[in-house]
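In: got a structure for you, letters missing:
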């Protein structure tokens, strides 16, 4: 997602320049980048993004510049070097990729059709025609579905990460999550826990009873409870109980979380929904992670790859 955001920023920065969008629409064999990877090239050869591990970037730019007026067109490129093919070393990726080269409009209004990424989704997917007579023509789909002779891209919505509890252990999220293109919000009821190091993300001091009202529901909301205070976690888990999120994780051992679920019913008369509780990641991240940086990294990986 980070690379798509960078492409969006590059487009905006060069809105008045002629641009070519290059997209991998098919791959055979192995390759460094997958189908859907994109690159933008300007007429002066400047570019943003990459479609290989570096071995094809020069060929891709050269194809774009030499055939600029032929676009849109599809070019097949091999990730095996000429030396590999002649001598049989096969030291490259030994794959073949089909790249669609197409001009980008200077008007950024239709950017979502070319780079379907952002929190305000306008569709479920974008279908790109690969037929010769309609090559490059796009249409939006309400939901993702495979279409013959089309390359279909899901709309990518970045996660909004809500970190509840802003002690020093939470700071690595401020460094690791934004480069992924994620929005990050820190929430706490203790003013002393909001420190300058969290300036890269939104930070809010809210009353204990109102914390959950500041957490957006939805499949792209990820919530991490890490106040390191039993009573606070008990209160917050009760507020989040039964609500729909893409991810909920609680830092701490399973036994502690199970006790929170029991005490919520015993002390407050609020039973924690069993199905909801079974989907809470406890402990959040990898059990072997110990340092704040490793814990944050493992939780982010759990959120990212557990959703795919």
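Out: Good, I have the coordinates. None of the values given here were measured: they were computed from a predicted structure.

In: the strands in the stretch 51-200 of the chain, which residues?
Out: In the stretch 51-200 of the chain, the segments counted as strands under DSSP state E, counting those that start in this stretch are 73-78, 95-104, 125-129, 138-141, 150-154, 160-164, 183-188.

In: Indicate which one of these is closest to residue 31.
Out: strand 95-104 (4.1 Å; CB to CB). Every residue, glycine included, has its C-beta placed from N, CA and C.

In: The closest one: partners in the sheet, and parallel or antiparallel?
Out: Taking DSSP bridges as the criterion, strand 95-104 forms sheet pairs with strand 19-29 (antiparallel), strand 73-78 (antiparallel).

In: Quick one: work out the angle between that strand and strand 125-129.
Out: Counting by axes from the mean of the first three to the mean of the last three CA atoms, to 10 degrees, strand 95-104 points 100 degrees away from the direction of strand 125-129.

In: What residues sit buried inside strand 95-104?
Out: By neighbour count on 16 or more other CB atoms under 10 Å, the buried set for strand 95-104 is 95-102, 104.

In: From these, pick the one nearest residue 63.
Out: Proximity of the buried residues of strand 95-104 to residue 63 (CB to CB) peaks at residue 101, which lies at 6.7 Å.

In: For residue 302, see how far away the closest one is.
Out: Per CB to CB, to the nearest Å, residue 101 is found 37 Å from residue 302.

In: now do residue 270
Out: Between residue 270 and residue 302 the computed distance is 27 Å (CB to CB).

In: For residue 209, give me its contacts.
Out: By CB atoms under 8 Å, 6 or more residues apart in numbering, the contact list for residue 209 reads 235, 239.

In: tell me the secondary structure for it?
Out: Here residue 209 is recorded as helix under DSSP: H, G, I helix; E, B strand; the rest coil.

In: Ok, residue 15 next?
Out: coil.

In: So, low pLDDT: which residues of the stretch 101-250 of the chain?
Out: Applying pLDDT under 70 to the stretch 101-250 of the chain picks out residues 119-123, 194-200.

In: so where do the helices sit in it?
Out: If DSSP state H, counting those that start in this stretch is used as the criterion, the helices of the stretch 101-250 of the chain fall at 111-114, 171-176, 230-240.

In: May I see those helices organised as JSON lines, with mean neighbour count and distance to residue 212 added?
Out: Shown next, in JSON lines, are those (neighbours: other CB atoms under 10 Å; distance: least, CB to CB, whole Å):
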{"stretch": "helix 111-114", "mean neighbour count": "19", "distance to residue 212": "31"}
{"stretch": "helix 171-176", "mean neighbour count": "20", "distance to residue 212": "19"}
{"stretch": "helix 230-240", "mean neighbour count": "19", "distance to residue 212": "3"}
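
In: Serialize those to a markdown table and add fields for distance to residue 289.
Out: Output for the helices of the stretch 101-250 of the chain, formatted as a markdown table (distance: least, CB to CB, whole Å):
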| stretch | distance to residue 289 |
| --- | --- |
| helix 111-114 | 36 |
| helix 171-176 | 11 |
| helix 230-240 | 19 |
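
In: Of all those helices, which one comes closest to residue 25?
Out: Nearest to residue 25, of all the helices of the stretch 101-250 of the chain, is helix 111-114, at 13.2 Å by CB to CB.

In: From what I see, residue 60 and residue 39 are in contact.
Out: Yes: using CB atoms under 8 Å, residue 60 is in contact with residue 39, at 6.5 Å.

In: Pull up the overlap in contacts between the two.
Out: Common contacts of residue 60 and residue 39 (CB under 8 Å, 6+ apart): 22, 51.

In: Counting neighbours, go ahead and name the busier of these two.
Out: Per other CB atoms under 10 Å, whichever of residue 60 and residue 39 has more neighbours is residue 39, with 26 against 23.

In: Quick one: name whatever helix or strand follows the host helix or strand of that one.
Out: Element membership of residue 39 [criterion: DSSP states H and E] is strand 38-42. Note on strand 38-42: by DSSP H and E, the next helix or strand toward the C-terminus is strand 47-49.

In: So which elements touch that next one?
Out: Here strand 47-49 touches helix 2-13, strand 38-42, going by 3 or more CB pairs under 8 Å, 6 or more residues apart in numbering; DSSP states H and E.

In: ok, residues contacting the longest one?
Out: Read it as helix 2-13. Against helix 2-13 from outside (CB under 8 Å, 6+ apart): 19, 37-40, 48-49, 104, 108, 111, 115, 117-118, 156, 158, 179-181.

In: Could you tell me which of those residues count as buried?
Out: Neighbour-count burial (16+ other CB under 10 Å) is assigned, among those, to 19, 37-40, 48-49, 104, 111, 115, 117-118, 156, 158, 180-181.

In: my guess is residue 156 meets residue 117, correct?
Out: Yes: with contact defined as CB under 8 Å, residue 156 reaches residue 117; the gap is 4.6 Å.
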